[in-house]
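**Q** Pasted the sequence and its predicted model underneath.
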Amino acid sequence: MNQTVSVKLAFGVVIFSVLSSLVIASIIAAAGTVQPNEHSQNTYNYIALFVGQGFMIIPLLLFLISRKEPIIHSLRLKLISAPILLSAICISIGLIPIVDEMDRILSFIFGAEEELAQLTDILIIDYSFIGLLLSTTVVVLAPLGEEILFRGFLQKKLEESWQDITRAVLVTSLFFAFIHMNPVWIIQIYLLGVILGYLAWKTGSILTSLVLHSLNNGAALILTNYSESINPYYLWNNHVSPLILFLAICSLSFGFYNLNKSPQV
């Protein structure tokens, strides 16, 4: 199989995987529309999100199994050392407030504050069962599925086919951003995707990008549901506190420095 077909096939597998998860989620959500009250409908929506995200990697796994390709190697499921894990955590802790501030600035520039508020409504936890479903979906299933699909499979295939790491990371990140179909967050998602791609390539493992992805989603969940308690310490004039941003830059810088000097990368 030539490189062009291989790249097309890789994109096709990713698109099919994403569409399959959307179809399944839509079917479950549609079943919820016949429920007698809004509470039951919302429960079906969260179940749909949970099942859809969980199903996302199934077509990819079936594809790899059918070709008898090694799953661990094909998807960059390599263990990482403690220093690399520490670097990934520091990069994540530093990046989260910076991305949050980007959200606030860009939503103000483009007049999308209302749309941004509506997008975060889905992260609101109304009761314990929803909290369990949402936390598992947002912090575990979604990051795991997306990192396996995009950084583990697609980006790795592009790197091997194109022999151009920068191009592979940028194209995968762009595709990753458009797949989210979220114009309000597309710039932030793209930049986040670039860093996720860099981490996966640099360390040869999606576990580093998974750490960032999971912590980023978890932080969004916490900030949305506990804003009244957190915001007095976290915000300044509806923007991330300059002190928080300074500490974030320090954490980000240390994380990248520690990552680049690690002999195990």
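**A** Done, it's in.
**Q** and residue 56, how many neighbours does it have?
**A** 24 (other C-beta atoms under 10 Å). Every C-beta, even on glycine, is put in place using the N, C-alpha and C of the backbone.
**Q** who's in contact with it?
**A** 17-18, 20-21, 145-146, 149 (C-beta atoms under 8 Å, 6 or more residues apart in numbering).
**Q** how about a cut-off of 10 Å?
**A** Contacts of residue 56 were listed using C-beta atoms under 10 Å, 6 or more residues apart in numbering, and they are 14, 17-18, 20-22, 24-25, 141-142, 144-146, 148-149.
**Q** Provide a list of residue ranges in the chain with pLDDT below threshold.
**A** Low-confidence segments of the chain (pLDDT under 70): 1-5, 38, 112-113, 115-116, 118-119, 264-265.
**Q** can you pull out the helices in the stretch 51-200 of the chain?
**A** Remark: helices assigned in the stretch 51-200 of the chain by DSSP state H, counting those that start in this stretch are 58-66, 71-74, 82-109, 113-121, 128-135, 142-146, 155-162, 165-179, 186-203.
**Q** Could you dump those helices into a markdown table with distance to residue 236 and mean neighbour count added?
**A** Below are the helices of the stretch 51-200 of the chain laid out as a markdown table (distance: least, C-beta to C-beta, whole Å; neighbours: other C-beta atoms under 10 Å):
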| stretch | distance to residue 236 | mean neighbour count |
| --- | --- | --- |
| helix 58-66 | 43 | 15 |
| helix 71-74 | 46 | 13 |
| helix 82-109 | 11 | 19 |
| helix 113-121 | 17 | 13 |
| helix 128-135 | 28 | 15 |
| helix 142-146 | 29 | 22 |
| helix 155-162 | 37 | 20 |
| helix 165-179 | 29 | 19 |
| helix 186-203 | 20 | 21 |
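**Q** Let me know which of these is the nearest to residue 40.
**A** Counting by C-beta to C-beta, residue 40 lies closest to helix 128-135 out of the helices of the stretch 51-200 of the chain; the figure is 11.8 Å.
**Q** packing partners for that closest one?
**A** Helices and strands touching helix 128-135, by 3 or more C-beta pairs under 10 Å, 6 or more residues apart in numbering; DSSP states H and E, are helix 38-55, helix 206-225.
**Q** can you put the helices of the stretch 51-200 of the chain in JSON lines and add distance to residue 254?
**A** Below are the helices of the stretch 51-200 of the chain laid out as JSON lines (distance: least, C-beta to C-beta, whole Å):
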{"stretch": "helix 58-66", "distance to residue 254": "35"}
{"stretch": "helix 71-74", "distance to residue 254": "30"}
{"stretch": "helix 82-109", "distance to residue 254": "5"}
{"stretch": "helix 113-121", "distance to residue 254": "29"}
{"stretch": "helix 128-135", "distance to residue 254": "28"}
{"stretch": "helix 142-146", "distance to residue 254": "23"}
{"stretch": "helix 155-162", "distance to residue 254": "26"}
{"stretch": "helix 165-179", "distance to residue 254": "22"}
{"stretch": "helix 186-203", "distance to residue 254": "15"}
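**Q** between these, which gets nearest to residue 231?
**A** Across the helices of the stretch 51-200 of the chain, residue 231 has its closest neighbour in helix 82-109 (11.5 Å, C-beta to C-beta).
**Q** The closest one to helix 186-203, inter-axis angle?
**A** 170 degrees (axes from the mean of the first three to the mean of the last three C-alpha atoms, to 10 degrees).
**Q** now the angle between helix 206-225 and helix 82-109, please.
**A** 40 degrees.
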